[in-house]
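Chemist: Okay, here's the prediction I keep looking at, along with the sequence it came from:
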Amino acid sequence: MKLPDTCIWIEALAGTATGQRYYPLLRQTSTLVVPTLVQYELRRWCLRALRNGLAEDLADKAIAATRAARIIALDEPTALYAAELAQIHGLASADALIYASALREQAELVTCDAHFKGLPGVNYQAKLAR
(Lines give C-alpha, C1' and ligand atoms only; values in the text may rest on other atoms or scores of the structure.)
Protein backbone atom coordinates (compact mmCIF):
# COMPACT_ATOMS: atom_id res chain seq x y z
CA MET A 1 0.00 0.00 0.00
CA LYS A 2 1.06 3.57 -0.66
CA LEU A 3 -0.05 6.84 0.87
CA PRO A 4 0.54 9.80 -1.45
CA ASP A 5 1.17 12.94 0.57
CA THR A 6 -0.88 16.03 -0.18
CA CYS A 7 2.00 17.54 -2.15
CA ILE A 8 1.83 14.64 -4.63
CA TRP A 9 -1.86 15.27 -5.33
CA ILE A 10 -1.26 19.02 -5.65
CA GLU A 11 1.66 18.60 -8.03
CA ALA A 12 -0.44 16.23 -10.15
CA LEU A 13 -3.39 18.64 -10.22
CA ALA A 14 -1.09 21.51 -11.15
CA GLY A 15 0.35 19.43 -13.99
CA THR A 16 3.94 20.06 -12.96
CA ALA A 17 6.81 17.82 -14.05
CA THR A 18 6.83 16.39 -10.54
CA GLY A 19 3.10 15.76 -10.70
CA GLN A 20 3.39 14.03 -14.05
CA ARG A 21 5.93 11.66 -12.52
CA TYR A 22 3.21 10.51 -10.10
CA TYR A 23 0.27 10.12 -12.53
CA PRO A 24 0.82 6.34 -12.78
CA LEU A 25 0.82 5.99 -8.99
CA LEU A 26 -2.37 8.01 -8.55
CA ARG A 27 -4.13 5.85 -11.14
CA GLN A 28 -3.44 2.70 -9.06
CA THR A 29 -6.24 3.51 -6.64
CA SER A 30 -6.59 -0.05 -5.36
CA THR A 31 -3.12 0.28 -3.80
CA LEU A 32 -3.64 3.72 -2.24
CA VAL A 33 -4.76 4.91 1.16
CA VAL A 34 -5.80 8.51 1.69
CA PRO A 35 -6.21 10.04 5.15
CA THR A 36 -9.07 12.47 5.58
CA LEU A 37 -6.42 15.06 6.50
CA VAL A 38 -5.00 14.78 2.97
CA GLN A 39 -8.50 15.33 1.60
CA TYR A 40 -8.84 18.43 3.79
CA GLU A 41 -5.48 19.84 2.70
CA LEU A 42 -6.18 19.09 -0.94
CA ARG A 43 -9.61 20.73 -0.96
CA ARG A 44 -8.27 23.72 0.94
CA TRP A 45 -5.45 24.13 -1.59
CA CYS A 46 -7.87 23.93 -4.51
CA LEU A 47 -10.20 26.53 -3.05
CA ARG A 48 -7.37 28.88 -2.06
CA ALA A 49 -5.05 28.53 -5.05
CA LEU A 50 -7.71 28.59 -7.71
CA ARG A 51 -9.83 31.59 -6.84
CA ASN A 52 -11.96 31.54 -9.93
CA GLY A 53 -15.28 30.02 -10.90
CA LEU A 54 -13.68 26.63 -11.53
CA ALA A 55 -12.13 26.27 -8.08
CA GLU A 56 -15.00 24.44 -6.42
CA ASP A 57 -15.47 22.17 -9.43
CA LEU A 58 -11.76 21.30 -9.46
CA ALA A 59 -11.81 20.75 -5.70
CA ASP A 60 -14.77 18.38 -6.07
CA LYS A 61 -13.00 16.45 -8.84
CA ALA A 62 -9.82 16.22 -6.77
CA ILE A 63 -11.72 14.80 -3.80
CA ALA A 64 -13.59 12.40 -6.07
CA ALA A 65 -10.22 11.11 -7.28
CA THR A 66 -9.13 10.45 -3.69
CA ARG A 67 -12.38 8.58 -2.99
CA ALA A 68 -11.35 5.89 -5.47
CA ALA A 69 -8.69 4.93 -2.92
CA ARG A 70 -9.26 3.62 0.60
CA ILE A 71 -10.08 6.57 2.87
CA ILE A 72 -8.83 6.44 6.44
CA ALA A 73 -10.21 8.68 9.16
CA LEU A 74 -8.12 10.05 11.98
CA ASP A 75 -8.62 8.09 15.18
CA GLU A 76 -7.32 8.50 18.72
CA PRO A 77 -4.45 5.97 18.51
CA THR A 78 -3.16 7.59 15.33
CA ALA A 79 -3.41 11.07 16.84
CA LEU A 80 -1.48 10.02 19.93
CA TYR A 81 1.15 8.23 17.82
CA ALA A 82 1.49 11.35 15.68
CA ALA A 83 2.27 13.40 18.78
CA GLU A 84 5.16 11.06 19.55
CA LEU A 85 6.41 11.16 15.96
CA ALA A 86 6.24 14.96 15.91
CA GLN A 87 8.40 15.09 19.01
CA ILE A 88 10.92 12.51 17.77
CA HIS A 89 11.29 13.81 14.22
CA GLY A 90 10.47 17.50 14.64
CA LEU A 91 7.44 17.32 12.35
CA ALA A 92 4.62 19.84 12.15
CA SER A 93 1.23 18.59 13.31
CA ALA A 94 -0.25 17.85 9.89
CA ASP A 95 2.93 16.14 8.70
CA ALA A 96 3.07 14.01 11.84
CA LEU A 97 -0.58 12.99 11.44
CA ILE A 98 -0.03 11.96 7.82
CA TYR A 99 3.18 10.10 8.70
CA ALA A 100 1.50 8.31 11.60
CA SER A 101 -1.38 7.32 9.31
CA ALA A 102 1.05 5.81 6.83
CA LEU A 103 2.95 3.88 9.48
CA ARG A 104 -0.19 2.57 11.16
CA GLU A 105 -1.53 1.42 7.78
CA GLN A 106 1.85 -0.12 6.91
CA ALA A 107 1.79 2.02 3.79
CA GLU A 108 4.75 3.68 2.14
CA LEU A 109 4.45 7.46 2.39
CA VAL A 110 5.16 8.89 -1.07
CA THR A 111 6.16 12.54 -0.94
CA CYS A 112 8.16 15.38 -2.43
CA ASP A 113 8.06 17.27 0.88
CA ALA A 114 11.61 17.55 2.27
CA HIS A 115 10.29 17.46 5.86
CA PHE A 116 9.98 13.68 5.43
CA LYS A 117 13.40 13.12 3.85
CA GLY A 118 15.25 10.22 5.45
CA LEU A 119 12.40 8.96 7.63
CA PRO A 120 11.72 5.20 7.71
CA GLY A 121 8.84 4.11 5.48
CA VAL A 122 9.06 7.21 3.31
CA ASN A 123 9.68 7.35 -0.43
CA TYR A 124 10.94 10.90 -0.83
CA GLN A 125 11.92 12.33 -4.21
CA ALA A 126 12.72 16.00 -4.57
CA LYS A 127 10.57 18.12 -6.86
CA LEU A 128 11.73 18.24 -10.46
CA ALA A 129 12.84 21.54 -11.92
CA ARG A 130 10.07 23.38 -13.73
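Modeler: That came in fine, so what should we check first? Numbering: from 1, shown residues only.

Chemist: helices or strands up against the helix or strand of the chain with the lowest mean pLDDT?
Modeler: Sorted by mean pLDDT, DSSP states H and E, the helices and strands of the chain end with helix 55-67, the least confident at a mean of 83. Where contact means 3 or more Cβ pairs under 8 Å, 6 or more residues apart in numbering; DSSP states H and E, helix 55-67 is packed against helix 6-14, helix 36-49. For every residue, glycine as well, the C-beta is placed using N, CA and C.

Chemist: got the buried residues for that helix?
Modeler: 58-59, 62-63, 65-66 (16 or more other Cβ atoms under 10 Å).

Chemist: for stretch 20-37, same thing?
Modeler: Applying a neighbour-count criterion of 16+ other Cβ under 10 Å, one finds 21-22, 25-26, 32-35, 37 buried in stretch 20-37.

Chemist: possible to save the buried residues of helix 55-67 as CSV with distance to residue 48?
Modeler: Shown next, in CSV, are the buried residues of helix 55-67 (distance: Cβ to Cβ, whole Å):
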residue, distance to residue 48
58, 12
59, 10
62, 13
63, 15
65, 18
66, 17
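
Chemist: isn't residue 78 right up against residue 97?
Modeler: Yes. Counting by Cβ atoms under 8 Å, residue 78 does reach residue 97; the two are 7.1 Å apart.

Chemist: what's the following helix or strand after the least confident helix or strand of the chain?
Modeler: Remark: after helix 55-67, the chain's next helix or strand is strand 70-72, criterion DSSP states H and E.

Chemist: who touches that next one?
Modeler: 32-36, 39, 101, 105 (Cβ atoms under 8 Å, 6 or more residues apart in numbering).

Chemist: what is the mean pLDDT for stretch 16-30?
Modeler: Stretch 16-30 shows a mean pLDDT of 95.

Chemist: picking up where we left off before, of the contacts of strand 70-72, which pair is most distant in space?
Modeler: 39 and 105 (15.1 Å; Cβ to Cβ).

Chemist: Poorly predicted segments of this structure, please.
Modeler: Scanning the chain for pLDDT under 70 picks out 50-55, 130.

Chemist: Which of the helices and strands packed on helix 55-67 sits closest to residue 126?
Modeler: Once these are compared by Cβ to Cβ, helix 6-14 is nearest, at 11.2 Å.
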